[in-house]
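Peer 1: Sequence and predicted structure below; questions after.
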Amino acid sequence: MDFVAKLKQERELTAVVVGFVLLGVIVPALHVFVPVDSALHVPDYMIQLLGKFACFAMVALALDLIWGFTGVLSLGQGVFFALGGYCMGMYLMRSMAGQGVYKSELPDFMVFLDWKELPWYWLGFDSFPFALIMAMLVPGVLAFCFGFLAFRSRIRGVYFSIITQAMTFAMMLLFFRNETGFGGNNGLTDFKKILGYVMQDDSTKVTLYVITIAVLAGSYFVCRALVNSKAGRVLKAIRDVESKTMFCGYNTRDFKLFAWTFAAVLSGLAGALYVPQVGIINPSEMEPSNSIEMAIWVAVGGRGTLVGALLGAGLVNGMKSWLTASYPDAWLYALAALFILVTLLLPDGMVGLIKRIAAMKRAPKAPSSPSIPSGLAPETTQGKA
Amino acid sequence: MLARWLLVVVALVVPAVAQADAFTDALGKLASEDLDTVRSGVQEIASSGEARALGVLHALRDGKLKVDGETVVVEDGSKWKRASDGSAITPAAKPRKVVANNAVRRAMAPAIARLELTSKDVGLRRAAAEELRRGTPPEELAPVLREAYKTEKDPQTKASLELALADVDLASADSAKRFEAVRILGDRGDISFKSKLEPLVERDADGNYREKDAKVREAAADVLSSLRWKELTNRIVGDVMYGLSLGSVLLLAALGLAITFGLMGVINMAHGEILMIGAYSSYVVQLLFQQYLPSSFDMYIFVALPVAFVVCALVGILIERTILRFLYGRPLETLLATWGVSLALIQTVRLLFGAQNVAVTAPSFLSGGWEMLEGVVLPYNRMVIVFFGALVVAFVWVILTRTRLGLEVRAVTQNRNMAACMGISTARVDMWTFGIGSGVAGLGGVALSQIGNVGPELGQNYIVDSFMVVVLGGVGKLAGTVIGAFGLGIINKLLEPVSGAVLGKIIVLGLIILFIQKRPQGIFALKGRAVEG
């Protein structure tokens, strides 16, 4: 039994490694080396699309960590993602100083608003390393402060979710304002160069893509190490019965705060990788609906399994790209159906489904064990939510 | 004898003929392309004393006076009239506008004012005087005003003229006149005079007062401070009233949520969409009335309310029976599933009614408003919504405390298992509670349709606010929801002038987040042992 379990673990790992190699080596190779007219050629848009999905998958990993493993549903992951994106966007704006429409040292929108100098919070963003650090630090600090206050007063369950949604809403309103200094409605866009490389060049795009896949793989392994560590077990214990974990002497607040902040940092990093690939960041990324959609990526893939998060992000977004292009009216219905059916019928997502099918194949006669959806803490009973 | 008669006739007729001639001559000048000729034409028309002069000048002011060849014509809708005698004419070519520049317009304004102020029609005189009072009358009108003020009999017109004169006198060189003007303005105490008095107490670039006379300055400062005080109190009263109105809107939006979330613990993210369906129900009822009962159109609102209640209650019951009941005890999943429901509802409405906003015409008795204080106008629909909100709260309160169902709802809220043991069918109670909560949201939707846009995204605008109201007020308490809604509404409106609407909203959200840190259970907490959740 032990061996079987181990093999299964290894099998999952093998699948993920194969997936990363496919995405990170084979796909770019097919794009660069196979001639354009060949059937095997991976087109431009596909590279961009997969790069976007890889960023989403990183957010899904982060959300899985905090929701699937710790039982805290965040409806504000999009804010951290966007904040990371804005930090990178600020660097990209600064790196093209003097090349905008107005040929000014300031970003175009500031010239438009008749601002004379850079606001203090834009200082330092001329430097790429600084921007990259800020892309992780800003979401991290915001999450830490928010989480510290929230977890200290034992806000949990749906309350926490609703407050994170309120925060998302407030941040979105803030960034929509021109006076906030991040381009208001239009956000930051029209980037020219990153680290001296022209963003429109194919080589820049492929490099960004490969880096994104590599960072995604790195994040996966870090998360994997984390959830398999002792701390990861405490997180799962918190998810299942928080009060018992507390009575066992664990300071659940600190564990939750750590997971929450780490998830925010990871989301920020994903956002920083996302912006140079799509070439724009604007406040609509902070819309509350975006953050809720992230939760469905994780739910579809399977909460509490890292591979599920990767799978879910890819599946849902792939479906979105296909449907919004071919049947735009059907997309919202499909998304609605996903939300409803997955929560009703597939509490463990695709991974849970695959596992169940595999278990049925192996032992067709064994009584199926009652599936308790992960993330459902027995203490959360109706009427007390 | 005959000669004498003739003389009398001539004596009577000649001035009239001369007058008419002067008017016609002056009209002819308007057809000229020379600006100076046009200007003198305007002045001559004004001084001709002809009854039609005012109409011609009005037409000129409104750009309706055109020139057809040599004839001056007035455009009246799609018809044309001769300016000289008002007879119909069909212009040969497309008439051109009478040429006018600023000099012509400057000549026109006092001419019109004089004619209006000396008109026999009291209404016209009143309107003209009021119009003059609002703006600062130009210097050259002063004699006209003084003349009119002396002869005016109508008290209202006279008061307006007095103020307009005071306004002119403020710029007078005579300090006694200025002092008198300040006194008159102060007596009336109209806030709009503030900007007129302010220059009197200002210093110029050299640090000298613009107003040389200390007496006038002091009087102006006195009047100003009392005006400022009046303005401040009016603004605060206004903000509180607007806050109450916003609060009642929030209350109506959140009350249904207070029932489903507060009592049942069900997170219904589709709550906003139920509001939206309520608003669309009122739209459909309105359409039907327009089609079949246009005579009693205003009554549609009374039909829309029960219709919206029933439609929304049915939608709510449908959601509860098909989805939510399988998810009790799994609040986070309920949240996601109901979000899915909300997406489906939005898309359905979009396909049925289109993605654009639809127009809901408010009944005529709801339009208009009551000027409570100067500058504080309460629209009737807002006032009605405050009362309606109170009514709905009372309705919910009666259901919860005075009916069998309410008793069972409260029992299930307090202890589900115990209630079940006492023979209460908790599943049935769940269904009805959700139905009533959704129905109440439908009533809120009808109210929202009267004050704002109705579109598929209507619910999205209210969902965050509604949750904030419920969370702020404390879950499971009706009084908490009421206080939460009005508190939020008033704070929002008080902050708005200081920080702007968007920033005010952000500050409020931030405050709520901080408040919940301090008091996670809300303003009103359920007392008892059910603390861990």
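Peer 2: Received it, and whenever you're ready, just let me know what you need. Just so it is clear, the model here is predicted, and its values are computed rather than measured. Residues are numbered from 1 along each chain as shown, chains lettered A, B, ... in the order given.

Peer 1: Can you tell me which residues in the stretch 201-350 of chain A are near chain B?
Peer 2: Counting by CB under 8 Å from any CB of the partner chain, the residues of the stretch 201-350 of chain A lying close to chain B are A:243, A:288-289, A:292, A:295-296, A:299, A:329, A:332-333, A:335-340, A:342-344, A:347. For the C-beta atoms, the positions are set from N, CA and C on the backbone; glycine is no exception.

Peer 1: any idea whether the residue nearest to residue A:320 when sequence neighbours are not counted is helix, strand or coil?
Peer 2: Once its chain neighbours are removed from consideration, residue A:320 has its nearest residue in residue A:331; the separation is 6.4 Å (CB to CB, 6 or more residues apart in numbering or on different chains). Remark: residue A:331 carries the secondary structure label helix [criterion: DSSP: H, G, I helix; E, B strand; the rest coil].

Peer 1: Which parts of the stretch 151-300 of chain A are helices?
Peer 2: Using DSSP state H, counting those that start in this stretch, the helices of the stretch 151-300 of chain A run over residues A:157-176, A:202-228, A:230-240, A:242-247, A:252-278, A:288-301.

Peer 1: For the second one, list every residue counted as buried.
Peer 2: Using 16 or more other CB atoms under 10 Å in any protein chain shown as the burial criterion, the residues of helix A:202-228 that qualify are A:204-206, A:208-213, A:215-217, A:219-220, A:223-224, A:226-227.

Peer 1: Next, the angle from that helix to helix A:252-278.
Peer 2: Relative orientation of helix A:202-228 with respect to helix A:252-278: 170 degrees, computed using axes from the mean of the first three to the mean of the last three CA atoms, to 10 degrees.

Peer 1: now helix A:202-228 against helix A:230-240, angle please.
Peer 2: Computed by the same axes, to 10 degrees, the angle between helix A:202-228 and helix A:230-240 is 80 degrees.

Peer 1: Give me the helices and strands touching helix A:202-228, please.
Peer 2: For helix A:202-228, the helices and strands in contact under the criterion 3 or more CB pairs under 8 Å, 6 or more residues apart in numbering or on different chains; DSSP states H and E are helix A:2-21, helix A:27-33, helix A:44-63, strand A:197-198, helix A:230-240, helix A:252-278, helix A:306-326.

Peer 1: lowest-confidence stretch among these?
Peer 2: The stretch with the lowest average pLDDT out of the helices and strands packed on helix A:202-228 is helix A:2-21, scoring a mean of 76.

Peer 1: ok so, going back, distance to residue B:341 added to the helices of the stretch 151-300 of chain A, as CSV?
Peer 2: CSV is the format used below for the helices of the stretch 151-300 of chain A (distance: least, CB to CB, whole Å):
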stretch, distance to residue B:341
helix A:157-176, 16
helix A:202-228, 32
helix A:230-240, 26
helix A:242-247, 29
helix A:252-278, 27
helix A:288-301, 12
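
Peer 1: and the residue of the stretch 101-250 of chain A nearest chain B?
Peer 2: Using CB to the nearest CB, residue A:170 is the residue of the stretch 101-250 of chain A that sits closest to chain B, at 4.0 Å.

Peer 1: Would you mind putting the helices and strands packed on helix A:202-228 into TSV with mean neighbour count alongside?
Peer 2: Supplementary listing: the helices and strands packed on helix A:202-228 in TSV, determined by neighbours: other CB atoms under 10 Å in any protein chain shown:
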stretch	mean neighbour count
helix A:2-21	12
helix A:27-33	16
helix A:44-63	23
strand A:197-198	12
helix A:230-240	18
helix A:252-278	24
helix A:306-326	20
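
Peer 1: list the contacts for the residue in chain B positioned nearest to chain A?
Peer 2: Closest contact between chain B and chain A, by CB to the nearest CB, is at residue B:340 (2.5 Å). In this structure, residue B:340 makes contact with A:335, A:336, A:337, A:338, A:339, A:340, A:343, judged by CB atoms under 8 Å, 6 or more residues apart in numbering or on different chains.

Peer 1: Repeat the analysis, applying 6 Å as the threshold.
Peer 2: For residue B:340, the contact set (CB atoms under 6 Å, 6 or more residues apart in numbering or on different chains) comprises A:336, A:339, A:340.
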